[in-house]
Structure formats: structure tokens, C-alpha cells
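# Show me how the following folds:
(chains A and B)
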Amino acid sequence: MTLTVTDLGYSYGPKRALDGVSFALDPGFTALLGPNGAGKSTLFSLLTRLFVTREGRISVAGHDMGTAPRAALARIGVVFQQPTLDLDMSVAANMRYFAALHGIAGREAARRTARALDRLGMAERASEKARDLNGGHRRRMEIARALIHDPKVLLLDEPTVGLDFKSRQAIVEHVHGLAGGGLTVLWATHLVDEIHDGDRVVVLHRGRVLAHDRAGALRAGRPLAEVFMDMTAQEATA
Amino acid sequence: MIYLTAMLAIVRRESMRFVRQRSRFAAALVRPLVWLVVFAAGFRAALGLSIIPPYQTYITYEVYIVPGLCGMIQLFNGMQSSLSLVYDQEMGSMRLLLTSPLPRWWLLLSKLLAGALVSILQVYVFLAVAAGFGIVLPGWGYVAVLPALVLSGLMLGALGLLISSTIRQLENFAGVMNFVIFPMFFLSTALYPLWKMAESSAILRDICAWNPFTHAVELIRFALYLEWAPWSLLWVCVGFAGFFGLAVLGYDPAYGMTRRKG
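Residues are numbered from 1 along each chain as shown, chains lettered A, B, ... in the order given. Here you go, the predicted structure:
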């Protein structure tokens, strides 16, 4: 298991944001599906140690986030919902800055940057300013950047927000490809069309895990959107 | 090595950012120059200055306020970095920084050092322009002031960092102007010496003497005239340690104020 979350809880004052959340992920694509306000962003903040909690444990590739946070963070790549590129810096400079934050410098940073841009087919745009890229390319670049230190786990918090359909699809396929290559991907979303039948799905609602299964098994022949709506509606009336 | 790599990258990024923002540079320079040229000219007649250390002769008011204005540049710069930190938090690039596997205090210290260097650059440009106006200081003073500026820049930057860890929205920043920058600047020895303050009020004098900004200014003033100010040095170091310690605590997810609705 590369990412294990055990009995995780978190509150904002009296409001319970996460309650007894547990799941364990192997390499591959897992969607964290939940409506707005389900607790996805809180979970991501805990997974990236922007928040800490005393309730429960997070383990990344065998490193406990509570006791060895730096080892755990070194094995995580993150793409936040908000863009975090410096728009006035060049594409390559953005990559190198991030590499340096992970202690990678000089020739090694240049090599990894070139490799990442190559993989995206953006090698010839390395010296362009990030501002000149369209939304889809910026996002792809952020994904490439999040992988520059070869993490075991890639976390993406609603990475397709604000993108047009085509860019969205391209990114969904791109990340599925990465997951196929042995990376553990956790993709938070509220959009069911981003999920393939073979993907695992963790359904999060009101801070609790409602289901954890393959998408195909979960929907059992029905459209996933319908199943998801039913699940969250039942919970709401219960 | 890993630590140094990250620090250099942060310093480089902040400096590039500053170079790009030419208007910020202009504003940073115009502010003290207006004080020097306009305010000091008006006050010159009203304010008599006696000979006080580190000065060995009578000086004009313009000469007196130059160290205070150096401090002012650094004070504004520290607050400006704090503003950009709040902006970074809203925009997400602070998250990027904080998810680096390096210890947070190191990342924050790197940020501070970057801010201090940017402020020192501004101070030297200001001193050069002041020299153009005929306010020339002892030659070696320009060198001796460098370590003083590093320390005062770090202290004022740490104060900015501490403030940025407590405020969550850019809108609250006007309050910082009113409640931090103005009192700190006016209740210090930047514009009038301590004894002058004592003439009007003993309480004000005491506040000035306790104000860490006073000691930043005095440290700069004495260094410019190649003299030691051990008491101010101590104060600035203690101020830096205190502000930085609290700021690191503020940015620590276990204790800090980064806990908020996400």
C-alpha cells in the first residue's frame, strides 16, 4: 500500500469536517468523489500537512505523516485546485524553482526539467512565460512539475476546474496514463465523467467514506452519476 | 546542500520578482526621498539638534533622519513582504512552499533573507541618491552599515512574517498600516532623538526606548558612523529571535493559525 489513511478525523470548531475516514491505496488511479463541502479539500490539506490532526494516521510509502512528516512529504506530488505557477517566470524557471524546493539543483534539475517538458511535448516552450500558456497547458505543466522529484503518490485536488472540455479530457487521460505506469494517484473531483470503470472510487460525503470500490462494480450497470446522486441523497435524508 | 539549494532558489525568485516590479521599486524610493527633501527641509528650522553620539559635530536635520529613513525603507519592505505572503496564501504558492519536505523554519528563514536583501538594495540606492543631495556619510560607513542592515532587515521581515501568519485576508492589511507601521515609525528615534521626545513626554520617551524599530534605526545610525551600539544590537537580535520564533509557531500546522476553513 502506498497511501494509507486510518481513522482520520478533523473539526473546524464544532463543525465536523472529517470523521473516521479510512482507505488504503495501491498504485493506480483512485478518484475521491464527493459533492462540494464533502471534506475533500480538508483531506487534501491533511495529506499535504497544511493541517495536522491528532485523530488518525496517514502513511505515505511506509512513512508516517505524524512522526516523519518530511520523509512522507518527499514522496508526495501535489497539484492544488488553485494554480500555483508564477506567471511571470518562464516554464523552465517554474520547474527549476520547484525542483530546488525539493533540494534538486544544477544539472540534475535541468535534466529533470527537460525530461518533464519532453514528456509533455512542451520542450520548445521552455523559455516562454507561464502566462503565455493556455489553461490546459498550465495544468499539465503543474502536473509535470509535481512529478519532478519522482514521488510515489500524486494528489490532485479538482485539477480540471475552469478548463474547457477538450483540455479536461486530455488531462484526465494523461493522468490515467501516469497511474498505469505505476504511480498511486488520488484525484479529487465531483465530476463523474472523469472516472473510468476500472478506476477505484472513494465516495466521500459529509466527512465520511460512503463507499470504496471499483467504479464498474459500484455503478453495477447504471450510470455512475445516478448511483452517486442516490448515495448522497439517501445519506442526506437518513 | 539541499538546504542551500532551496534557500538560493527562494532568494533568486524574490529578487527577480522585485526587479520585475519596477513601480514597487520607484515607490520604495520616492517615499523616503519625499521625507528627506520636503519634510526635513520644513523641520530643519523648527528642530534644533544638539551634538549627540554618534555625531561629533552639529548636523543638519536632513543628516539626522537619513538612518531613520533607511529603517523606514526596511520597515515598509518587511510589511510589503508580509502583504505578498498573505497574497501567496490566498493564491496557493505559499502552499507549494509549505509542502516542500524541508523544515518550515528554514523555508521561512529563506523568505526572510530574500526580503532583507531586497530591502538592502533599496537602502543603498536611497543612500546614493541622498549623497547626490549632498548628504555624504563617512566612506567606510557605507560598508559597516551592511551587517546592521542585514540584522534590521531580518528583524523587520520577521515582524511582517508574524503579522502575515495572523491575518488571513488582504483587506485586513490597511489595519497593519495604521496599527503597526505608523506607530512604529513615529514612536521611534527615526525622526527625533530620544531626548527631544523626553522634553514633551516621559511616557512617549519610554515607548520609544522600548520600540524595537528605534533600535534598528540606532543600529544603522551608529554603524553608518563606524560606531558600536551594543544595546541596540542586542535588542534587534532579541527582536528578531522573538518575532521569528512566534512566526514559525504561527506557520506550524499543529499550533498555528494556518488552521482555517479549507
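
# mind checking the SS state of the closest residue to B:Gly92 other than its chain neighbours?
Excluding the flanking residues, the one nearest B:Gly92 by Cβ to Cβ, 6 or more residues apart in numbering or on different chains is A:Gln82, at 3.7 Å. C-beta coordinates here come from the backbone N, C-alpha and C atoms, glycine included. Of the three states, A:Gln82 takes coil under DSSP: H, G, I helix; E, B strand; the rest coil.

# Look up how far A:Val91 lies from A:Gln82.
A:Gln82 is 19 Å from A:Val91, where distance means Cβ to Cβ, to the nearest Å.

# ok, those two, which is more surrounded?
Taking neighbours as other Cβ atoms under 10 Å in any protein chain shown, A:Gln82 and A:Val91 compare with A:Val91 leading, 27 against 12.

# just checking, that one touches A:Ala126?
Yes. If you go by Cβ atoms under 8 Å, A:Val91 and A:Ala126 touch, sitting 5.3 Å apart.

# Can you work out which residues contact both of the two?
Shared contacts of A:Val91 and A:Ala126 (Cβ atoms under 8 Å, 6 or more residues apart in numbering or on different chains): A:Leu117.

# Flag every residue of chain A that's near chain B.
Within chain A, the residues that sit near chain B (Cβ under 8 Å from any Cβ of the partner chain) are A:12, A:41-42, A:44-45, A:48-52, A:70-71, A:73-74, A:76, A:78, A:80-84, A:86, A:88-89, A:96-98, A:100-105.

# Looking at A:Arg112 now. What's its pLDDT?
According to the prediction, A:Arg112 has pLDDT 93.

# pLDDT-wise, which helix or strand of chain A ranks last?
helix A:224-237 (a mean of 82; mean pLDDT, DSSP states H and E).

# Can you pull out the residues in contact with that helix?
Residues contacting helix A:224-237 (Cβ under 8 Å, 6+ apart): A:33, A:35, A:192-193, A:195, A:201, A:203, A:205-206, A:210-211, A:215, A:218-220.

# now the strands for chain A?
Per DSSP state E, chain A carries strands over the ranges A:3-12, A:15-25, A:28-33, A:57-60, A:63-64, A:76-79, A:153-157, A:184-189, A:200-205, A:208-214.

# Contacts only, for A:Val52.
A:Leu46, A:Met65, A:Gly66, B:Pro253, B:Ala254.

# Any idea how many residues pack against the fourth one?
B:Pro253 is surrounded by 19 other residues when neighbours are defined as other Cβ under 10 Å.

# how about it, secondary structure?
coil.

# which residue packs closest to it, ignoring adjacent ones?
That would be A:Val52: by Cβ to Cβ, 6+ apart, it lies 4.4 Å from B:Pro253.

# now the second one
With Cβ to Cβ, 6+ apart as the criterion, A:Met65 has its nearest non-adjacent residue at 4.0 Å, and that residue is A:Ile58.

# Leaving out chain neighbours, which residue sits closest to A:Ile143?
Closest to A:Ile143 by Cβ to Cβ, 6+ apart is A:Val79, at 5.6 Å.

# how close does the one you found sit to chain B?
Using Cβ to the nearest Cβ, to the nearest Å, A:Val79 is found at 10 Å from chain B.

# And that residue, what's its pLDDT?
As predicted, A:Val79 sits at a pLDDT of 93.

# show me what contacts it?
Contact analysis of A:Val79 by Cβ under 8 Å, 6+ apart lists A:Arg139, A:Glu142, A:Ile143, A:Ala146, A:Leu154, A:Leu155, A:Leu156, A:Asp157, A:Pro159.

# Give me the number of neighbouring residues for the nearest residue to the fourth one once chain neighbours are set aside.
Put plainly, it is A:Ala146. Closest residue in space to A:Ala146, ignoring its immediate chain neighbours: A:Gly77 at 3.5 Å, by Cβ to Cβ, 6+ apart. When neighbours are counted by other Cβ under 10 Å, A:Gly77 registers 25.

# Quick check, A:Gly77 in contact with A:Leu154.
Yes. In terms of Cβ under 8 Å, A:Gly77 counts as a neighbour of A:Leu154; the distance is 4.6 Å.

# Using the three-state scheme, assign B:Val143.
For B:Val143, the assignment made with three-state DSSP gives helix.

# show me the contacts for it.
By Cβ under 8 Å, 6+ apart, B:Val143 lies in contact with nothing.

# Got the confidence number for it?
If you check B:Val143, the pLDDT there is 96.

# distance of it from B:Ala174?
B:Val143 is 38 Å from B:Ala174, by Cβ to Cβ.

# Tell me the backbone dihedrals of B:Gly245, please.
Backbone torsions of B:Gly245, given as degrees, to the nearest 10, read phi -60, psi -50.

# I misspoke; the intended subject was B:Ala229.
The phi/psi pair for B:Ala229 (degrees, to the nearest 10) is phi -130, psi 70.

# burial count for it?
Neighbours of B:Ala229 using other Cβ under 10 Å come to 21.

# Enumerate the residues of chain B near chain A.
Residues of chain B lying near chain A by Cβ under 8 Å from any Cβ: B:1-3, B:5-6, B:8-10, B:13, B:16-17, B:20, B:91-93, B:95-103, B:107, B:253-254, B:258-262.

# Restricted to buried residues, select these in PyMOL.
The buried residues among those can be selected in PyMOL (16 or more other Cβ atoms under 10 Å in any protein chain shown) with this line:
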select buried, chain B and resi 5+6+9+10+13+17+91+93+95+96+97+98+99+100+101+102+107+253+258+259+262
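
# among the residues of chain B next to chain A, which are in strands?
Using DSSP E, no member of those sits in strands.

# and the residues of chain B next to chain A, which of them are in helices?
Those of the residues of chain B next to chain A mapping onto helices are B:2-3, B:5-6, B:8-10, B:13, B:16-17, B:20, B:91, B:93, B:95-98, B:107, per DSSP state H.

# what's the closest non-adjacent residue to B:Tyr228?
Slight slip there: residue B:228 is Trp, not Tyr. Counting by Cβ to Cβ, 6+ apart, B:Trp228 lies nearest to B:Phe222, which is 6.4 Å off, once chain neighbours are set aside.

# continuing past the worst-scoring helix or strand of chain B on mean pLDDT, what's the next helix or strand?
Lowest by mean pLDDT, DSSP H and E among the helices and strands of chain B is helix B:173-176, with a mean of 74. Next along the chain after helix B:173-176, taking DSSP states H and E as the criterion, comes helix B:182-186.
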